[in-house]
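S.K.: Sequence first, predicted model second:
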Amino acid sequence: MPIRAMPAPALSCSVAPAGDTVEDAGPRDRRGRRYPLVVLVRAAACAVAAGARWYAAVGHWLRRAPQDALARLGFPVRGVLGVRPAAPMDTVRRVLGQLHPGGLAGLLRPIGTDRDRPVRLAADGKSARGSRTRTRTAAHLLAVIDQDDQVIAQLRIPDKTNEVPCLRALLAPLDIGDAWVSADALHTQRETARFLVEDKKAHYLFTVKLNQPTLYARCRSLPWEKATAKYYDRTGGHGRKETRVIQVLTVSHLDFPHTRQVARVTRYRTDKTTGKRTRQTVCVITGLPSRQAKPQDTALALPGHWHIENKIHYVRDTLWDEDRSRIRTGHGPENMATLRNTTLNRLRARDATSITEAVRDLSYEPFTAPPGLLGIPR
């Protein structure tokens, strides 16, 4: 697993962007506190980085942790013998269930980059199916990743609502000026387009499907035979070959806020095993004019939505078995997802070529490698 050496910032657990600390976001009464809150969060983050999937596994990691690891995490000394007792699993479970997700927001800051703001963003939601109860639906988490496949923000969708208004709330505190924001057809909404262009000074890249029937019909009826701007993209992998043909037309009458171009993306896929060929055509709209967004730029921005599926949601399911996780009370589902995302961000900042191998390597040295990954000083 080749990993580029790079100093990682310490796990300070500050809240972005307000600047509060995890201690400020803590739900606990000051009486009876035996462990600093930041210490419990550090311990949970290290256990997750070592492969812990549930609270019980976090508690087991803490029970096996040697004294030097507990000292590095900041557990206080108790008694005259100078022993640092580890927190029990019930304490970690209670804290992660009650801690407001904003208290962990600072962990999701992308690291290892030299830029001030993202260039491309992709948003998508995922349900933690195992968190469903008899009285409450499964926790649905909306996440945003950047062009480096690092999660920069996450929000749990409140019950009785959906992703559409929550995407605007999630992006509101972020500095995303001039960034391309891609999302699936659910977010092809007028208010979202206005918010991105007018409020955030960003650019949208929206897929158009039958949930917007009038807009979909207008895109399909454009004079595509006159399109001169084309781009061909050929890729392979997952047992198939894929060719994408992207045609772009400049428009001025689509009746959707700030739309300047419409792209028609035709995918030709060939299964290498069976030889079966399929074709799929989708339309994409953007507010960027042709001088700023060429067909190849659109081709580069489009995979962002698929990346969040393959490199975030799929990885969390396969490595941490997120869909079968029974963590369901309080803020537990979103806080555990944040800790998993933090591990992914740190590993990708080190250019880990295989996340599975990287987490496996961390598990071989569970009390020294994860603290180093998270930047916890000795």
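M.R.: That came through, no problem.

S.K.: hey, let's count contacts and neighbours off CA atoms from now on
M.R.: Will do.

S.K.: in whichever helix or strand Ala71 is part of, what's buried?
M.R.: Using DSSP states H and E, Ala71 falls within helix 67-73. Counting neighbours by 16 or more other CA atoms under 10 Å, one finds that the buried residues in helix 67-73 are 67, 69-73.

S.K.: Can you pull the phi/psi pair for the residue nearest to Arg156 when sequence neighbours are not counted?
M.R.: Spatial nearest neighbour of Arg156, chain neighbours left out: Leu141 (4.4 Å); criterion: CA to CA, 6 or more residues apart in numbering. Here is the backbone geometry of Leu141 (degrees, to the nearest 10): phi -110, psi 130.

S.K.: so who does Leu141 touch?
M.R.: Neighbouring residues of Leu141 by CA atoms under 8 Å, 6 or more residues apart in numbering: 125-128, 154-157, 334.

S.K.: again, only using 10 Å
M.R.: Contacts were defined as CA atoms under 10 Å, 6 or more residues apart in numbering; by that measure Leu141 touches 124-128, 154-158, 163, 333-334, 337.

S.K.: filter these to the buried ones?
M.R.: The neighbour-count test (16+ other CA under 10 Å) applied to the contacts of Leu141 identifies 124-128, 154-157, 163, 333-334, 337 as buried.

S.K.: Report the lowest-confidence entry in those residues.
M.R.: When these are compared on pLDDT, Ala128 comes out least confident, at 83.

S.K.: Can you tell me the SS state at the residue lying closest to it once chain neighbours are set aside?
M.R.: Sequence neighbours aside, Asp323 is the residue nearest to Ala128 in space, at 5.1 Å (criterion: CA to CA, 6+ apart). Asp323 carries the three-state label helix when classified by DSSP: H, G, I helix; E, B strand; the rest coil.

S.K.: any idea how far Cys46 is from Asp323?
M.R.: Going from Asp323 to Cys46 by CA to CA, to the nearest Å gives 21 Å.

S.K.: quick one on the thing from earlier: can you identify the element that follows the helix holding Ala71 toward the C-terminus?
M.R.: helix 89-98.

S.K.: what residues does that following helix touch?
M.R.: The set of residues external to helix 89-98 that reach it, using CA under 10 Å, 6+ apart, is 25-28, 34-35, 37, 40-41, 43-44, 54-63, 327-336.

S.K.: Now, of those residues, which are buried?
M.R.: When burial is judged by neighbour count using 16+ other CA under 10 Å, the buried members of the contacts of helix 89-98 are 25-27, 37, 40-41, 43-44, 54-55, 57-59, 61-62, 327-329, 331-336.

S.K.: Restricted to helices, list those residues.
M.R.: In this view, those that belong to helices under DSSP state H are 25, 37, 40-41, 43-44, 55, 57-59, 61-62, 332-336.

S.K.: contacting residues around Thr278?
M.R.: With contact taken as CA under 10 Å, 6+ apart, Thr278 is in contact with 242, 267-271.

S.K.: Doesn't it lie inside a helix?
M.R.: No. The assignment for Thr278, made by three-state DSSP, is strand rather than a helix.

S.K.: and it, bridged to which residues?
M.R.: Beta-bridge pairing for Thr278 (DSSP bridges): Arg269.

S.K.: Would you list the phi and psi of the residue positioned nearest the centre of the chain?
M.R.: Averaging the C-alpha coordinates of the chain gives a centre point, and the residue nearest to it by CA atoms, centre = their mean is Val151 (3.5 Å). Backbone geometry at Val151, expressed as degrees, to the nearest 10, gives phi -70, psi 120.

S.K.: Could you report the separation of the nearest residue to it once chain neighbours are set aside from Val77?
M.R.: The shortest distance from Val151 to any non-neighbouring residue, by CA to CA, 6+ apart, is to Ile145 (4.3 Å). Counting by CA to CA, the gap between Ile145 and Val77 amounts to 40 Å.

S.K.: What of Val144?
M.R.: Val144 sits 40 Å away from Val77 when distances are taken as CA to CA.

S.K.: Settle it for me: which of the two has more neighbours?
M.R.: For Val144 against Val77, the residue with the higher neighbour count under other CA atoms under 10 Å is Val144, and the figures read 24 against 14.

S.K.: State the mean pLDDT of the helix or strand where the more buried one lies.
M.R.: In this assignment (DSSP H and E), Val144 forms part of strand 139-146. Model confidence over strand 139-146 averages 90 on the pLDDT scale.

S.K.: Residue numbering should commence at 629 henceforth.
M.R.: Renumbered: residue one is now 629, and that last one reads strand 767-774.

S.K.: so how far is it off the chain centroid?
M.R.: Using CA atoms, centre = their mean, to the nearest Å, we find the averaged C-alpha position of strand 767-774 to lie 5 Å away from the chain's own average C-alpha position.

S.K.: That strand: what's the following helix or strand?
M.R.: Next along the chain after strand 767-774, taking DSSP H and E as the criterion, comes strand 779-784.

S.K.: Could you point out the helix or strand that follows that following strand?
M.R.: Reading on from strand 779-784 to the C-terminus, the next helix or strand found by DSSP H and E is helix 791-799.

S.K.: in that following helix, what counts as buried?
M.R.: Within helix 791-799, the residues scored as buried using 16+ other CA under 10 Å are 791, 794-796, 798-799.

S.K.: if we take those residues, which one ends up nearest to Lys828?
M.R.: The shortest separation between Lys828 and any of the buried residues of helix 791-799 is 8.5 Å, and it belongs to Leu799 (by CA to CA).

S.K.: Now do the strands in the stretch 729-878 of the chain.
M.R.: Counting by DSSP state E, counting those that start in this stretch, the segments of the stretch 729-878 of the chain that form strands are 748-756, 767-774, 779-784, 808-811, 831-836, 857-865, 868-878.

S.K.: got a markdown table for those strands, with distance to Arg905 too?
M.R.: Conversion of those to a markdown table gives the following (distance: least, CA to CA, whole Å):
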| stretch | distance to Arg905 |
| --- | --- |
| strand 748-756 | 28 |
| strand 767-774 | 31 |
| strand 779-784 | 34 |
| strand 808-811 | 27 |
| strand 831-836 | 23 |
| strand 857-865 | 14 |
| strand 868-878 | 10 |
